[in-house]
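1. pasting the structure only:
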Ligand code: AMP
Ligand code: MG
């Protein structure tokens, strides 16, 4: 058995990524992982002109385009999350994301007229899928897709698959905050993942969760935002209003076997709030996961599965 670890940080999927593998000295595992993430970025980016998503967006209102099976799967799963979340999660959000330009345009608040005009383009029901021919179409001209709420999660699952195929037993994958752990830490203890205090500087935690073999993903209003007249305008937009969601929570963290699902869930639950999870008729009841919400008062609301494990 070799000892020590290998590690790589790289920029892809519009964010900084890090992969750390213990008891392994084979750099080719990192090369293959990084190549896979870049391959997904090439397919799924809304900015690269030859990506599947750009092809779909530039062809809106003009019929079907052929897409890769990975893109197809992500579109299908996204639409399932739109249904489960009653339309809160909607990858056709892109025209609103562009209008607000959070993190790009300085403290810009669009007019209500602009918002209501652009909001009409956002509706997952106008994303058409042809599963036999792996084709997709956006029915309305000007419609556009943004996989920013789910793609990193899927990419992290893919890196996990690559590492497991190579018999890696201890690793931590962090794709822009979408964390996937393999096994335990090399000393045999569980990974300890901090839950960021959304009101503090990075690294200040409100709690720590022990994690083994799971994905842990957070959506928060502290990632990209500005504050104007006491209102926090951030990067997760409620398709029902056309404005950054205002559900009185600062962040939500999901722990699950599947990082893709955890990613889509955090974005959905961030908009819907804890009520969507704790009501007896929750649409997410069929999925296996745990969640922790942080309220504006920095109160933690956790599911039974992890409440006892959360430490300060
Ligand atoms: P996350 O940080 O995973 O919650 O994803 C946020 C990103 O998802 C944003 O930067 C947008 O690219 C995209 N997004 C924003 N609002 C929504 C929404 N309502 N449904 C799906 N994706 C969204
Ligand atoms: Mg997400």
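-> Right, received. Where do you want to start? Predicted model only: the values in this text are computed from it and were never measured. Ligands and ions are numbered 1, 2, ... in the order given.
2. so who does residue 72 touch?
-> When contacts are counted by CB atoms under 8 Å, 6 or more residues apart in numbering, residue 72 touches 129, 131, 134, 136. For glycine as for every other residue, the C-beta is placed from the backbone atoms N, C-alpha and C.
3. biggest separation within those, which pair?
-> 131 and 136 (9.8 Å; CB to CB).
4. who's more crowded, these two?
-> Each of residue 131 and residue 136 has its neighbours counted (other CB atoms under 10 Å); residue 136 has more, 24 against 9.
5. so the more buried one makes contact with residue 124?
-> No - assessed by CB atoms under 8 Å, residue 136 is found out of contact with residue 124, at 11.9 Å.
6. how about the stretch 1-150 of the chain: which residue is closest to ligand 2?
-> residue 149 (4.0 Å; CB to the ion).
7. which pLDDT value belongs to that residue?
-> On the pLDDT scale, residue 149 is placed at 97.
8. after the helix or strand harbouring residue 163, which helix or strand is next? Please name it.
-> Taking DSSP states H and E as the criterion, the element that holds residue 163 is helix 151-165. Reading on from helix 151-165 to the C-terminus, the next helix or strand found by DSSP H and E is strand 171-175.
9. picking up where we left off before, hmm, who's touching the helix holding residue 163?
-> By CB under 8 Å, 6+ apart, helix 151-165 touches 13, 15, 19, 21, 29, 32-33, 36-37, 40-41, 44, 70, 74, 171, 173, 175-180, 182, 215, 217, 258-264.
10. the stretch 201-312 of the chain: strands as residue ranges?
-> 205-211, 215-220, 225-228, 231-234, 237-238, 243-244, 249-256, 290-295, 300-302 (DSSP state E, counting those that start in this stretch).
11. likewise the stretch 1-150 of the chain?
-> According to DSSP E, counting those that start in this stretch, the stretch 1-150 of the chain carries its strands in the segments 5-12, 15-22, 65-66, 127-130, 135-138.
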